[in-house]
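1. got a sequence here, can you model it:
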Amino acid sequence: MDTIRVSAGIIVHDGMLLIAKRRPTAVLPNAWVLPGGRVEEHETPEACLKRELKEEFAIGVTVHERVGSHVHTYDFGTVELIAFRADWDDGDFNSREHEEIRWAFPHELDQFNFAPADHAVIQRIMSGDIDI
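-> Numbering: from 1, shown residues only. Below is the predicted model of the structure:
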């Protein structure tokens, strides 16, 4: 089984991190995630993040450095989550794919049920290893 590569954005505004809750009918229902999505064939993870954020939230971003990655195996396959810092450049956050979006302070992140592939990056943010 192939590994599914997923790009995720660490988007910060006023000291808070953008997080999104998956819909009840989605894979990993009701799980909170860092926004992003699946890297398509012949697409860089950075280009994927820009595309996914435009499609899912109607926002434009500038993607910066890679800050972490984590591999997790689910029942449906193995996911490699690749996290990047990204700046919100434009758009109004019209959530098209998620049940809810929210800005959360790092110390609040343990209150959310994150998808397992996101846990390692979230823990690094909470510990201050990834500075936001």
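2. excluding covalently adjacent residues, which one is nearest to the residue nearest to the spatial centre of the chain?
-> Against the mean C-alpha coordinate of the chain, by CA atoms, centre = their mean, the closest residue is Leu34 at 2.3 Å. In space, and not counting its chain neighbours, Leu34 is closest to Ala8: 3.8 Å by CB to CB, 6 or more residues apart in numbering. From N, CA and C alone the C-beta is placed, and that goes for glycine too.
3. Glu52: which element?
-> Assessed by DSSP states H and E, Glu52 sits inside helix 45-57.
4. next secondary structure after that helix?
-> Counting by DSSP H and E, the next helix or strand C-terminal to helix 45-57 is strand 59-73.
5. each with direction, which strands does that following strand pair with?
-> With DSSP bridges as the test, strand 59-73 is paired with strand 78-91 (antiparallel).
6. per-residue confidence at Arg23, what does it come out as?
-> Looking at Arg23, its pLDDT reads 95.
7. fine, thanks again, bye for now.
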